[in-house]
Structure formats: structure tokens, C-alpha cells
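Undergrad: coords please:
(7 chains)
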Amino acid sequence: MPIQQQERPFDLLNRVIGQQVLVRLKNNVSVRGKITSFDAHMNLVMESAEELNDGELKAKLGTILLRGGNIIFVSPV
Amino acid sequence: MPIQQQERPFDLLNRVIGQQVLVRLKNNVSVRGKITSFDAHMNLVMESAEELNDGELKAKLGTILLRGGNIIFVSPV
Amino acid sequence: MPIQQQERPFDLLNRVIGQQVLVRLKNNVSVRGKITSFDAHMNLVMESAEELNDGELKAKLGTILLRGGNIIFVSPV
Amino acid sequence: MPIQQQERPFDLLNRVIGQQVLVRLKNNVSVRGKITSFDAHMNLVMESAEELNDGELKAKLGTILLRGGNIIFVSPV
Amino acid sequence: MPIQQQERPFDLLNRVIGQQVLVRLKNNVSVRGKITSFDAHMNLVMESAEELNDGELKAKLGTILLRGGNIIFVSPV
Amino acid sequence: MPIQQQERPFDLLNRVIGQQVLVRLKNNVSVRGKITSFDAHMNLVMESAEELNDGELKAKLGTILLRGGNIIFVSPV
Amino acid sequence: MPIQQQERPFDLLNRVIGQQVLVRLKNNVSVRGKITSFDAHMNLVMESAEELNDGELKAKLGTILLRGGNIIFVSPV
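TA: Got it, this is the predicted structure:
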């Protein structure tokens, strides 16, 4: 008997509002920061965002509005 | 006479909730982990996710929300 | 006088449910296996799927849910 | 005074059902075969399809369902 | 005070039905021929179409149905 | 208190109808010319259009219908 | 207990109307300027826009209408 899923993928975003996440983007760039809002396109606002390259800090970005279409995955850290 | 299909592709996802899957992505990366939720865009939440490169462990990702648009295929393992 | 088409492209998929097909993907990969279901986005479930590279077996994939957006063509074999 | 167009692009497809066409795809591949059906996404079924590379036969594909999104143009031959 | 635009972009296509146009495509290819029909996706039927490479004739294509999604621009010649 | 925006992006296009604009495209090409019409997809008709490469004139294009999907930005000049 | 998000991503754009922002684009280009309007596709009008390459000024663009589809992120500066 199939297990009924208790939640949907976007519930994860709702649960991590105000927390640190790592976002992997399509162009081999990752961004780490505190997620403060999201919408149905997976557009995200992140605060104190940092751009990472192979785990190394590349640039401090501050507050950013990130387009969902560029995202591969979002992971709470 | 054509055989009537008994289920639709997303039924496979429903059946493997709570199980290990391998997800092949467009950028030559694979992710292995336990699928805990999905939606109609094939966005997936995976737990204890690991990034693989040619079958070798590249990084432990933990819990991730993976955008469906990057997926080539999902396979139960 | 134009010939009226008797069927639509997706009728082909319906006719080959339960049979072996070869699927050519955009990233120069082909997958061969038994198609067990499909939907309007051409998402497919295949069983005993094998990944092929220039006709050579590259990997046994087992059961997969393949996203329609990656497909160039599907061919009964 | 503008000439009123007598037909729409998809009327061409309707007119060539059952005939040989050449289909140029985005990945520098061409496919030649008999078109037997199409839909509004320009998905095509072709019979006795052959893959061509610079006009040379590369592979016999048999019957294929070709996704419209990969097509650059379709030409009756 | 802004000048009110008298026509919309697709009116240009309507005006050049039956005339020679040059179509620049995304894959560095151009096609020249007589446009005979178009639709809202900018799909075009062209007659006596010729494929050009840097202005040189590369291939005679005859009648083609060109998918609008590959077009960069259309220009009456 | 947030400043209420007085106009929307497409109002800029409306304001420059009949004027020279520079359009940067995705394939590293720029086009300069007089914009005469646009639609909701940012499809543009330009007159006396010129293709530029690093600011140098590459080709005189005359009147063109440019697909909006190829545009990075439009700038009045 | 999940924290309820107080605002949505586009509220950030509304809050920075009239201010300097940095926009990272997909083609490795960044644009800096004053944002004066936006729409639901994230199309932006920027004034006194400058194109940057690795933080160095590459070109003064003046007023531009930037297509949202090219944007990776927008950041107030």
C-alpha cells in the first residue's frame, strides 16, 4: 500500500523561513544565506547572502532576490 | 488491441515515497537519497541526499528541495 | 484532397505500452526498456531500462521515470 | 492592400500526411521518413525514418514519435 | 506625449505574405524564401526556401514549415 | 514607506516608439534602429536596423521583426 | 512551529524602487543602476545603468528595459 505523503515540497521552504540555506544554481555557483521569503516560482529573498565557489567565499552579496528558474536545489544548512 | 495503461508516471513517485531513489540531473550530476515528497512539477524533497559523480560520493547534501526542471530521470534503488 | 489523419502521435505510445522502446535523449544518451506508462508531457515509466552510448550498454537503470522534456524521439524496437 | 493568407502553417502538415518529409532538428541531426500523424505541439509520428548526417544515412530508426520542441523545420521531399 | 503605435509586430508578417523574407535563426543559419503563412507562435511556411551561411547558398530547401521558436528575426528583402 | 512605482516597464517601450533604440540580444549581437511597434512578448519591429558587433556595423538589416525571447535589454539611444 | 513569512519576494523590488541595485545576468554580465519600475515577469527599467565585468565598468547603458528571464538575482547596493 502506498505511503501517503504528509507534505509537499514547498512546505520545506515554509519550514526554513528565517534559517540558513544553501542554494545550488545552474551556473555552478552556490549562494548561502538566510531565506526570508519565497513564492510559487521558487523565487527567494535571502539576507546576508554569500556567493560560494567550491565551498570558498567568492563575494558577499547582502540581500538578494534570486530567480527560481536558476535553482537546482535548496538545502537547509 | 492496445493494452490499457493501469497507472500514470507520477504513480511511481507516490509508490516510492519513503524509499531510496537515484535522480539523474541535466548537469551530469546524480543525487541519491530518500524521497519524502513531490509535486506536479516533479519538484522533490529528498533526505540524506548525496551528490554522486560517476557513482562516487562527491558531497553529502542532507535534506534538499530539488527543482523538477533539472531532472532527467528518477529511479528507485 | 488532403488525407485525414487516422490517429494522433500519442496513440503510438498507447499502442506500445508493455513493449520495448528506444528513447533518444537530448544529452546524446539513449535509454532502452519496456514502457509501462506515459502522460501528456511525454513523461514515461520504463522497466528494465538500460542506458546506451553509441549502441553499447553503459548502465542498467532498472525502473525509471523519465521526464518528457528531455526526449528527442521514442521508437518501438 | 495586404494579401489575406489562405492557410495556416499546420495546414502544410495536414497536406503531407502519408508523404516523405525531411525534418531538421536542433542537434544538427536530420530525420527523413513518412509522416503519419502530428499534433498541435508539432509532435510527429514518422514511419521508415532514417537519421541523416550531412545527407548521409546514419541509422535506420523505423517508426518514431518525434517531439515537436526539437524541430527547426519540416520540409516535404 | 507618447506616439500611439499604429500597428503591432505581427502586422508586418501579414503585410509581407507572398514576398521574399530573410529569417535569421538561433543556430547561426539564415533562411531566405517567400513567406506564405504564419501563426501566433511565429511558425512560418516558406516556399523556394534557401539555407544561407554568411550570405552564401548552402542548400535549397524548397517548401518548409519553420518553427517560430528558432527565429531571431524576420526581415523583408 | 515604499515609493509607489508610477509606470510599468512596457511604458518605456511605448514612450520610445518612433525613436532610435539599441537592443542587446542573447547571442552577443546588438541591433540598432527605430522601433515602430511592440507587443506583450516584447516582439519588436525596427526600421533601418543595423547589426552591430562590439559597436562596429556588421550588416544593414532594414526592417525587421525581432522576437522578444532573444532580447537581453532595450535601450533608447 | 513554522514562522509565517511576512512578505513575498517581489515586495523587495517594490521597496527598492528609486534606489541603486546590482543585477546579475545569466551571461556573466552584471548591470548596476537605479530601478524605476518592474512587472510580474521581473522585467525591470533601470536608469543610469552601467554594465560591469568582474566589478569593472564595461559600458554606460543609460536607461534600459531589462528582460526578467535573463536575471539570476537582483540586489540592493
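Undergrad: what does the residue of chain A found nearest chain D show for phi and psi?
TA: The minimum distance from chain A to chain D, using C-beta to the nearest C-beta, falls at residue A:69 (17.3 Å). No exception for glycine: its C-beta is placed from N, CA and C like everyone else's. Phi and psi for residue A:69, reported as degrees, to the nearest 10, are phi -60, psi -20.
Undergrad: can you tell me the closest non-neighbouring residue to it?
TA: What sits nearest to residue A:69 in space, not counting adjacent residues and going by C-beta to C-beta, 6 or more residues apart in numbering or on different chains, is residue A:41, at 7.2 Å.
Undergrad: where's the one you found relative to residue G:69, distance?
TA: 12 Å (C-beta to C-beta, to the nearest Å).
Undergrad: more crowded one of those two?
TA: residue G:69 (18 against 13; other C-beta atoms under 10 Å in any protein chain shown).
Undergrad: now do the strands in chain A.
TA: For chain A, the strands defined by DSSP state E occupy A:20-25, A:30-38, A:44-53, A:56-66, A:71-76.
Undergrad: which residues touch residue A:7?
TA: Going by C-beta atoms under 8 Å, 6 or more residues apart in numbering or on different chains, residue A:7 touches B:36, B:37, B:45.
Undergrad: residue A:62: what's it in contact with?
TA: By C-beta under 8 Å, 6+ apart, the contact set of residue A:62 is A:47, A:48, A:49, G:75, G:76, G:77.
Undergrad: so the fourth one touches residue A:64, yeah?
TA: Yes: taking C-beta atoms under 8 Å as the contact criterion, residue G:75 and residue A:64 are neighbours in contact, 4.5 Å apart.
Undergrad: more neighbours: these two, which one.
TA: Per other C-beta under 10 Å, whichever of residue G:75 and residue A:64 has more neighbours is residue A:64, with 26 against 21.
Undergrad: from memory that one sits against residue G:74, does it?
TA: Yes: using C-beta under 8 Å, residue A:64 is in contact with residue G:74, at 6.8 Å.
Undergrad: hmm, back to that, distance check, the residue nearest to residue A:69 against chain C.
TA: 17 Å (C-beta to the nearest C-beta, to the nearest Å).
Undergrad: need phi/psi at that residue.
TA: Note on residue A:41: backbone dihedrals following degrees, to the nearest 10 are phi -90, psi 0.
Undergrad: go ahead and confirm it touches residue A:68.
TA: Yes: here residue A:41 reaches residue A:68: they are 4.3 Å apart, a contact under C-beta under 8 Å.
Undergrad: what do these two both touch?
TA: Contacts common to residue A:41 and residue A:68, judged by C-beta under 8 Å, 6+ apart, are absent.
Undergrad: where does the prediction get shaky in chain A?
TA: A:1-5 (pLDDT under 70).
Undergrad: any shared contact partners between residue G:75 and residue A:64?
TA: Joint contacts of residue G:75 and residue A:64 (C-beta under 8 Å, 6+ apart) are residue A:49.
Undergrad: from chain C, how far out is whatever residue of chain A ends up closest to chain E?
TA: The nearest approach of chain A to chain E comes at residue A:69, 17.3 Å away (C-beta to the nearest C-beta). From residue A:69 across to chain C, the span is 14 Å (C-beta to the nearest C-beta).
Undergrad: try residue A:36
TA: Counting by C-beta to the nearest C-beta, the gap from residue A:36 to chain C is 31 Å.
Undergrad: ditto for residue A:37
TA: Distance, residue A:37 to chain C, using C-beta to the nearest C-beta: 28 Å.
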